[in-house]
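Peer 1: The sequence and its predicted three-dimensional model are supplied below.
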Amino acid sequence: MSTVTHSPLGAEQFHRYYQKLRPALKKPRMRASTTAVFSFLAMALFAWYAIRPTAQTIIYLRREISDKTTLNEQMENKITALIEAQSVYETIEDRLLVLDQALPEDPDAVILARQLRNLARISGASISALQIPSLPVLGSEATPGAKLTPSKALEEFPLSLTITGEYRALKAFMDGLLTLRRIASIDSIALHHIGGEKLVSNELQAIMRLVSYYSIQ
Amino acid sequence: MDEDRDLLLVAIFTTITVFLWVFFELVKTTKTSTVARPLQQVVSPLTGKIDVGVLEELEKRSTLE
């Protein structure tokens, strides 16, 4: 029959430690410094695990109330501005067509070419060449997933045209170009006399480089 | 004797560090906005005025269609 006996070694060891510490703890200076050290450590512990989360929650909630109040005011201001903008939009809705004519959503180069031809005819000049570079085909997406990602709000494309006529006709054409609803700016003009240096006729030839724009928003 | 003093100093500095840490955490909480960035963009100010002068200017121009 075996008997289980607890070894008194552990208790003895602790007793030995206690015996060693007892004289040290009896010193008042040592006792005071130990109390102070543990007090400081307890304060640090409470500050980190009790005071910090509580204070943080209080501050966060106060900040949230303040933020939400401000947000509410901003939302009300925005709603008021949107209502105002809607009423203004409804007032001018019928007139917005001019914007599409000035800055269409597609390049609409054919329409622009027709307008230039009409302008030349009215001015008394004639267009002998009109060159439009390749333009992107815009419209509905090829696939539902393919979305047009515009790089900027306004795109531009160049046109070059050669126009012939008298000085007054060319001037009228350029003046007309500046008063055309479709926005097109003159980038460069090169004027030549058709007859060369002999001046046999009043005809001038202008090689113009225009830049037109379209909106992609 | 010196060991006591060192231990006390360590405890004092630990406490000061923890209190400073707590203080800066609280400052950070005070400064950080609780409104999400997308929401801030949604409530960005909007002017409800449209420049009608541009429309009038464009209406004066000819289309030559």
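Peer 2: Great, that's in hand.

Peer 1: Next, B:Pro45: secondary structure please.
Peer 2: Judged by DSSP: H, G, I helix; E, B strand; the rest coil, the three-state class of B:Pro45 is coil.

Peer 1: Any figure for the gap between it and A:Ile79?
Peer 2: Relative to A:Ile79, B:Pro45 is positioned 12 Å away (criterion: C-beta to C-beta, to the nearest Å). Just so you know, the C-beta spots here come from the backbone N, C-alpha and C atoms, and that holds for glycine as well.

Peer 1: In a helix, A:Met212, correct?
Peer 2: Small correction: residue A:212 is Ser, not Met. No: per three-state DSSP, A:Ser212 lies outside any helix segment and is strand.

Peer 1: Against B:Glu59, how distant is it?
Peer 2: 20 Å.

Peer 1: any idea of the pLDDT on the residue of chain B found nearest chain A?
Peer 2: Residue nearest to chain A within chain B (C-beta to the nearest C-beta): B:Gly48, separated by 3.3 Å. Here, the pLDDT recorded for B:Gly48 equals 78.

Peer 1: If you average pLDDT per helix and strand, which one of chain A comes out bottom?
Peer 2: Of all helical and strand segments in chain A, the minimum by mean pLDDT, DSSP states H and E falls on helix A:9-26, at a mean of 78.

Peer 1: Give me the helices and strands touching that helix, please.
Peer 2: helix A:28-46 (3 or more C-beta pairs under 8 Å, 6 or more residues apart in numbering or on different chains; DSSP states H and E).

Peer 1: returning to that earlier point: which residues does the residue of chain B closest to chain A contact?
Peer 2: Neighbouring residues of B:Gly48 by C-beta atoms under 8 Å, 6 or more residues apart in numbering or on different chains: A:Thr80, A:Ala81, A:Leu82, A:Ile83, A:Glu84, A:Ala85, A:Val88.

Peer 1: Below-threshold pLDDT in chain A: ranges please.
Peer 2: A:1-10, A:137-151, A:195-200, A:217 (pLDDT under 70).

Peer 1: Do a quick rundown of the helices in it.
Peer 2: Remark: helices assigned in chain A by DSSP state H are A:9-26, A:28-46, A:52-92, A:97-102, A:109-123, A:167-178.

Peer 1: any chance of those in JSON lines, plus mean neighbour count?
Peer 2: Listed next are those as JSON lines, based on neighbours: other C-beta atoms under 10 Å in any protein chain shown:
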{"stretch": "helix A:9-26", "mean neighbour count": "10"}
{"stretch": "helix A:28-46", "mean neighbour count": "14"}
{"stretch": "helix A:52-92", "mean neighbour count": "13"}
{"stretch": "helix A:97-102", "mean neighbour count": "16"}
{"stretch": "helix A:109-123", "mean neighbour count": "18"}
{"stretch": "helix A:167-178", "mean neighbour count": "17"}
